[in-house]
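Enquirer: structure for this input, please:
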Amino acid sequence: MTVVAMRIPLNINVDNCIIYGNNDNEIEKDLLDSLADTYSFKNNLIKVDEKTTPISVIPAFINTLKNQDPLFEDQSKYNFNLKDNSPAIDAGDGSLLTFPELNTDLNGGTRPQGAAPDLGAIEKK
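Expert: Residues are numbered from 1 along each chain as shown. Next comes the predicted model:
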């Protein structure tokens with residue numbers, strides 16, 4: 001019996017997202033390199049350890065807010081609405097809103113509410 005393993009090319013595009021949690025490094029470059037043929041991160045807020053994942057010098061990371069608290073209303077209670085002074089407000093790329101399904105946030109609200117879309121799944125009203 002012959003087994004043929006095929007690897008399908010994987011391209012990852014992460015835009016207008018918040019990648020933030022309890023770990024010092026929420027994203028690992030070695031893992032990305034092993035999973036994807038190409039990857040791109042544009043207009044994101046990311047918690048990252050620059051010693052192990054130096055995204056400042058990786059061209060695939062564009063307009064990244066590094067290690068800034070996104071200021072969720074109450075992360076411990078899974079309330080990921082943004083506080084009024086969140087750095088994620090109006091930090092997104094509006095050109096992505098050409099896809100109709102991206103014009104609505106997780107709560108059913110319209111985006112953008114301000115000059116640009118907010119980062120993350122919930123638009124600040």
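
Enquirer: below-threshold pLDDT in the protein: ranges please.
Expert: Judged by pLDDT under 70, the chain has its weakly predicted residues at 1-8.

Enquirer: what about the strands in it?
Expert: Using DSSP state E, the strands of the chain run over 11-15, 18-19, 38-46, 61-66, 72-74, 79-82.

Enquirer: which strands or helices does the last one pack on?
Expert: Which is strand 79-82. Where contact means 3 or more CB pairs under 8 Å, 6 or more residues apart in numbering; DSSP states H and E, strand 79-82 is packed against strand 72-74. C-beta here means a position set from N, CA and C on the backbone, and glycine is covered the same way.

Enquirer: how about the strand it packs on: buried residues?
Expert: Of the residues in strand 72-74, Phe72 count as buried by neighbour count, 16 or more other CB atoms under 10 Å.

Enquirer: list the contacts of it.
Expert: 79-83, 86 (CB atoms under 8 Å, 6 or more residues apart in numbering).

Enquirer: would you convert those into TSV that also reports neighbour count and distance to Glu28?
Expert: Converted to TSV, the contacts of strand 72-74 look like this (neighbours: other CB atoms under 10 Å; distance: CB to CB, whole Å):
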residue	neighbour count	distance to Glu28
Asn79	10	27
Phe80	17	23
Asn81	18	28
Leu82	21	26
Lys83	14	28
Ser86	22	25
